[in-house]
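Novice: no FASTA, just this:
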């Protein structure tokens, strides 16, 4: 049974909390888990290719693991979508559980921590793909930046208020991601590894809004 999206899943407040969480997660893994990007896998793929070219197999595994975990996270979200009711809320509950575990993972197991964050992030980005009817991503910015600039150019050319609304929305989402990243930067300085639990708190509020 293919499950439809929750009516609240596209609203700005739940999406804003998800985006803040996404920025925090990326900063957390980069600053405290070995300079690995948990959310946007492009950087990991670039570094993976470089390490393979250099014949550095240990370094290759460091970047391959989050890429594979991300792919599996997408598959897990799709499994929930077609088999479970209220699947988007279930995605958030699983994400909260996994990120809570990450806060206990020691530095000696940073690769495991990064894989768990990447898996969780992929579930989120697959489950929440629209805000106010517009396609977006809550855990990365490049697509949002492209769409925001496209809408801004369209507004300047046509004066269409819908394009202005779209541009404002995308740039606001980008700002939220940056704020989440800065919050993560401050949190890891104060809390170290348990800083990821702030992401759990944001996701918990978002899940409550979907109940």
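Specialist: Looks like it came in fine. Note that this is a predicted model, so its numbers are computed, not measured.

Novice: just the endpoints, please. Distance across stretch 97-107?
Specialist: Stretch 97-107 has an end-to-end distance of 19 Å (CA to CA, to the nearest Å).

Novice: who touches that stretch?
Specialist: Here stretch 97-107 makes contact (CB atoms under 8 Å, 6 or more residues apart in numbering) with 25, 33, 112-113, 116-117, 119-120, 193-197, 199-200, 203. Just so you know, the C-beta spots here come from the backbone N, C-alpha and C atoms, and that holds for glycine as well.

Novice: just name the closest of the residues you listed to residue 66, please.
Specialist: Nearest to residue 66 out of the contacts of stretch 97-107 is residue 117 (CB to CB; 7.7 Å).

Novice: what's the nearest residue to the closest one if we skip its chain neighbours?
Specialist: In space, residue 117 comes closest to residue 38 once its chain neighbours are excluded; the distance is 3.9 Å by CB to CB, 6 or more residues apart in numbering.

Novice: quick one, phi psi at that neighbour?
Specialist: Main-chain torsions, residue 38, degrees, to the nearest 10: phi -80, psi -30.

Novice: next, the buried residues of the longest helix along the chain.
Specialist: In terms of residue count, the longest helix belonging to the chain (DSSP state H) is helix 161-191. Burial within helix 161-191, assessed by neighbour count using 16 or more other CB atoms under 10 Å, is assigned to 163-164, 166-167, 169-174, 176-177, 180-181, 183-185, 187-188.

Novice: may I ask which of the contacts of stretch 97-107 has the most neighbours?
Specialist: Neighbour counts for these (other CB atoms under 10 Å) peak at residue 120, which has 33 neighbours.

Novice: do you know the pLDDT at the nearest residue to it once chain neighbours are set aside?
Specialist: Nearest non-adjacent residue to residue 120, counting by CB to CB, 6+ apart: residue 95, 4.3 Å away. pLDDT, residue 95: 97.

Novice: residue 95: neighbour count?
Specialist: Per other CB under 10 Å, the neighbour tally for residue 95 reads 30.

Novice: contacting residues for it?
Specialist: Residues counted as contacts of residue 95 (CB under 8 Å, 6+ apart) are 120, 123-124, 203.

Novice: these: which two are farthest apart?
Specialist: Farthest pair in the contacts of residue 95, by CB to CB: 123 and 203, 10.8 Å.

Novice: for this structure, name the helix or strand with the lowest mean pLDDT.
Specialist: helix 41-54 (a mean of 86; mean pLDDT, DSSP states H and E).

Novice: and that one, what other elements does it pack with?
Specialist: When contacts are defined as 3 or more CB pairs under 8 Å, 6 or more residues apart in numbering; DSSP states H and E, helix 41-54 packs onto helix 57-83.
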